[in-house]
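Student: coords below, sequence missing:
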């Protein structure tokens, strides 16, 4: 929704909410069937406010209100409060939340305290996970180590998992494995074994790596 149109719709909504509140709900002695009807109408208008607010980019900034809080000048949403709903267009780009990154140099006692975001969405059969956390302490084989602050995005589709963090891109294929798992650069693997890997590397005329393609399900040459 365009900014000007959204502002117009919000102003109309606020006028309707004020009208119902002042005319039908302000009387402390009000009760009965009619009062409940208008109370329900006010709640429904509040739900419309929630959904309109999800389309607001808070372009005009915030203003201070009671209790030291700040509210958006456009939609009235309180700054820093988690949104409970997702409003998605039927077609085109869907935007959920805002991109978050590690935000502290402190090392926390555990991952729960260090967590910033841990969210999952199953989108048309593809599973997407986003895990953002600050550095935290962890134990491994009896020794305490520090886990680095990280933003990790993981996508799962048809037995393929692609994980992207700030330092590594890792692709895993779900298939029957041998007894031992190995890892190595292409130049560390003998040609007779390298031929079994169904991978095409993309590069430019200076041999800069640009990407790769993996033939799904292929077993390569023997």
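Tutor: Thanks, I have the structure now. Here the structure is a predicted model, which is why all the values come from computation and not from measurement.
Student: Domains in this structure, by residue range?
Tutor: 3-72, 100-175, 183-222 (automatic domain parsing).
Student: Show the end-to-end separation of the longest one, please.
Tutor: Terminal residues of domain 100-175 are spaced 33 Å apart (Cα to Cα, to the nearest Å).
Student: Show me where this structure has its strands.
Tutor: Taking DSSP state E to define them, one finds strands in the chain at 62-64, 70-72, 115-123, 126-133, 136-140, 143-147, 150-157, 160-164, 169-173, 199-203, 209-214.
Student: buried ones in the fourth one?
Tutor: For strand 126-133, a neighbour-count test (16 or more other Cβ atoms under 10 Å) marks 130-133 as buried. Quick note: C-beta positions are derived from backbone N, CA and C, even for glycine.
Student: go on, the first one?
Tutor: Judged by neighbour count using 16+ other Cβ under 10 Å, the buried positions of strand 62-64 are residue 62.
Student: Partner strands of it, with direction?
Tutor: Counting by DSSP bridges, the strands paired with strand 62-64 are strand 70-72 (antiparallel).
Student: can you check the last one too?
Tutor: Here strand 209-214 has these sheet partners by DSSP bridges: strand 199-203 (antiparallel).
Student: In TSV, list the strands of the chain along with mean pLDDT and distance to residue 94.
Tutor: As requested, those are arranged in TSV below (pLDDT from 0 to 100; distance: least, Cβ to Cβ, whole Å):
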stretch	mean pLDDT	distance to residue 94
strand 62-64	94	26
strand 70-72	94	22
strand 115-123	93	8
strand 126-133	96	11
strand 136-140	88	31
strand 143-147	90	31
strand 150-157	97	15
strand 160-164	96	19
strand 169-173	93	23
strand 199-203	95	29
strand 209-214	94	25
